[in-house]
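Student: Sequence and predicted structure, then a few things I'm wondering about:
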Amino acid sequence: MNLSQIHNVYFIGIGGIGMSALARYFKNIGKQVSGYDKTPSILTNELIASGIEIHFEDEIALIPEHFKSENTLVIITPAVPKSHSEWNYFLDQKFIVKKRAEVLGIITKNTFSFAVAGTHGKTTTSSILGHILYESGADVTAFIGGVVENYNSNLIGLGKTISVVEADEFDRSFLHLHPDIACITSMDADHLDIYGTSDAIEDSFREFANKVTDKTKLFIAKDLPLEGMICAINEDAAFKAFNVRVEVSSYVFDVQTPTEVIANLRFGLPGRHNLMNALMALAMAKTYGTPTAAIAKALSTFRGIRRRFSYQIKKSDFVYIDDYAHHPTEINAVHQAVRELYPGQKVLAVFQPHLFSRTKDFADDFATSLSQFDELLLLDIYPARELPMEGITSQWLLDKMTSTNKKLIIKDQLIPALKGSDATVVVTIGAGDLGEMVPSIKAALDETR
């Protein structure tokens, strides 16, 4: 498929974080862009403000007439049901209809492509790498699964020759990609509703890794059963971060590469997992040929991603952090970062489980990771694309936790409960619609603290 012959791009599910980045990209390269989404959101409002026409009813008559021509590419998200009338209209009319992952595959085939894979760390690592390349003057577009604070966007750059993409293991999407340089941050069990077993997930990651034939261009976290350039903290590796210390709420560290030692790098995102993400991004950029000074400067100026350990309130006596974590490993990483930064303080976590299947598959691990916090407020499970499962509820999960200061609440009770707590650190965690509540939580806590 030749994208240069496409005049119009129509999105079904345009408001998703990945879909909206593609929508911005196609608008930036001169295509006519329009789309449908189920509900308005912050992202759809931003797209409309940029000049993209969006409607919120599944109605064929609402599709702009010029998008019903032969020069239209239709992009769908897996969240859209097969019964969707607009989707079926385009199929019946023999339009080119592609999944988002397939379109990213086309873009990566026609550019020099960096791909970031892993069950955790994709968005942060991709953002850091995109920021490094953009700041160094590279002709890059980075497609990000979150809103990058430096750019207030999920797209970095307007480049046409270099791409940075998140290689998503969900639905084996990453197998559509054509990476020139890639990394794999982790291979934990997840999406067992798709894969069935952790072995099947590992096999899929191996298939992705095999897309990079030159293993000096594949970067892997230590202890992953793959061949490539190992990245590690305080352990022997091709790229090693060491002499790590915390100065004025930032990491300062040195890196040993295959050719040099880079001293006194500064990076502001908390948590050892984020330090590892920065090391992976550095390794890919360095291998590509980005100057060391440009890498160091970009690391020091990277401000993070919205909903990834995102400070909402940062006062001397009170802190409110919001994070997208939705897997036990990610919750553990948030907990580690909070304890490292705020030792001895009382920490309250609000958690909204994401998916019935994930809650069922990792219930014991969720219970262990959530029991580490001093106080826990648990919301009902956010279903996303799923129907309820018998017996899988937030109350069932709560009963597995060993902590005593825990409570199941509905959304309407959340702000009063937060106001009544004496915790000096509050963390909201989850990948569901809890994120939409963050502005009102921040306003309420600002008022009382």
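Tutor: Happy to help now that I have it.

Student: For the rest of this, base every contact and every neighbour count on C-alpha atoms.
Tutor: Fine.

Student: Wait, a strand at A285?
Tutor: No: secondary structure of A285 (DSSP: H, G, I helix; E, B strand; the rest coil): helix, not part of a strand.

Student: so what's it scoring on pLDDT?
Tutor: You'll see A285 listed with a pLDDT of 98.

Student: do the one 4 residues further on as well
Tutor: Here, the pLDDT recorded for G289 equals 97.

Student: and the gap between it and A283?
Tutor: Using C-alpha to C-alpha, to the nearest Å, G289 is found at 10 Å from A283.

Student: Okay, and R385 sits in which element?
Tutor: Following DSSP states H and E, one finds R385 outside all helices and strands.

Student: Renumber starting at 53 from here on
Tutor: Fine by me, first position is 53 from now on; the one you just mentioned is R437.

Student: picking that back up, who's more crowded, G341 and A335?
Tutor: A335 (28 against 9; other C-alpha atoms under 10 Å).

Student: Tell me how many other residues surround the nearest residue to the more buried one once chain neighbours are set aside.
Tutor: Excluding the flanking residues, the one nearest A335 by C-alpha to C-alpha, 6 or more residues apart in numbering is F291, at 6.6 Å. Residues contacting F291 under the criterion other C-alpha under 10 Å number 25.

Student: ok, now which ones touch F291?
Tutor: When contacts are counted by C-alpha atoms under 8 Å, 6 or more residues apart in numbering, F291 touches 281-284, 307-310, 331, 335.

Student: Tell me the bridge partners for it.
Tutor: For F291, the beta-bridge partners are C283 (DSSP bridges).

Student: ditto for F319
Tutor: Following DSSP bridges, F319 is listed with bridge partners Y303.

Student: how near is it to F305?
Tutor: 8 Å.

Student: who's more crowded, the two?
Tutor: Neighbour count, other C-alpha under 10 Å: between F319 and F305, F319 has more, with 24 against 19.

Student: How confident is the prediction for the more buried one, by pLDDT?
Tutor: Looking at F319, its pLDDT stands at 97.

Student: Surely it and Y303 touch.
Tutor: Yes: with contact defined as C-alpha atoms under 8 Å, F319 reaches Y303; the gap is 5.2 Å.

Student: Identify the contacts common to those two.
Tutor: L327.

Student: where does the protein have low pLDDT?
Tutor: Applying pLDDT under 70 to the chain picks out residues 241-250.

Student: quick one: what helix or strand has the residue positioned nearest the centre of it in it?
Tutor: Centroid-nearest residue in the chain: T175, 3.7 Å away (criterion: C-alpha atoms, centre = their mean). Assigned by DSSP H and E, T175 falls within helix 174-187.

Student: Helix 174-187 and the helix or strand just after that helix, what's the angle between them?
Tutor: For helix 174-187, the following helix or strand on the C-terminal side (DSSP H and E) is strand 192-200. Counting by axes from the mean of the first three to the mean of the last three C-alpha atoms, to 10 degrees, strand 192-200 points 130 degrees away from the direction of helix 174-187.

Student: Just the buried residues from the contacts of F291, in ChimeraX please.
Tutor: Applying 16 or more other C-alpha atoms under 10 Å to the contacts of F291 leaves a buried subset, and the ChimeraX line that selects it is:
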select :281,282,283,284,307,308,309,331,335
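
Student: next one: the helix holding T175 to chain centre, how far?
Tutor: 12 Å (C-alpha atoms, centre = their mean, to the nearest Å).

Student: So I272 sits against M281, correct?
Tutor: Yes: judged on C-alpha under 8 Å, I272 makes contact with M281 at a distance of 6.0 Å.

Student: thinking again about what came up before, for E218, see how far away the residue lying closest to the residue nearest to the centre of the chain once chain neighbours are set aside is.
Tutor: The shortest distance from T175 to any non-neighbouring residue, by C-alpha to C-alpha, 6+ apart, is to G197 (5.5 Å). Separation of G197 from E218 (C-alpha to C-alpha): 7 Å.

Student: Spit out the residues that contact these two alike.
Tutor: Taking C-alpha under 8 Å, 6+ apart as the criterion, G197 and E218 both touch T175.

Student: More neighbours: the two, which one.
Tutor: E218 (28 against 24).

Student: Please identify the helix or strand for the more buried one.
Tutor: Under the criterion of DSSP H and E, E218 resides in strand 214-219.

Student: name the helices or strands packed onto whichever helix or strand comes after that strand?
Tutor: Per DSSP H and E, the first helix or strand lying C-terminal to strand 214-219 is strand 233-236. When contacts are defined as 3 or more C-alpha pairs under 8 Å, 6 or more residues apart in numbering; DSSP states H and E, strand 233-236 sits against strand 164-169, strand 270-273, helix 324-340.

Student: S72 sits in which helix or strand?
Tutor: Assigned by DSSP H and E, S72 belongs to helix 69-80.

Student: what angle separates that helix from strand 214-219?
Tutor: Using the same axes, to 10 degrees, helix 69-80 lies at 160 degrees relative to strand 214-219.

Student: Return the set of buried residues in helix 69-80.
Tutor: For helix 69-80, by 16+ other C-alpha under 10 Å, it's 69-79.

Student: for stretch 100-113, same thing?
Tutor: Buried residues in stretch 100-113, counted by 16+ other C-alpha under 10 Å: 104-107, 110.

Student: Could you do stretch 206-226 as well?
Tutor: Buried residues in stretch 206-226 (16+ other C-alpha under 10 Å): 206-211, 214-221, 224-226.

Student: Between its first and last residues, how far does that stretch reach?
Tutor: 19 Å.

Student: hmm, back to that, can you put the contacts of F291 in CSV and add distance to D255?
Tutor: Output for the contacts of F291, formatted as CSV (distance: C-alpha to C-alpha, whole Å):
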residue, distance to D255
M281, 19
I282, 19
C283, 21
A284, 23
V307, 31
Q308, 31
T309, 29
P310, 29
L331, 25
A335, 25
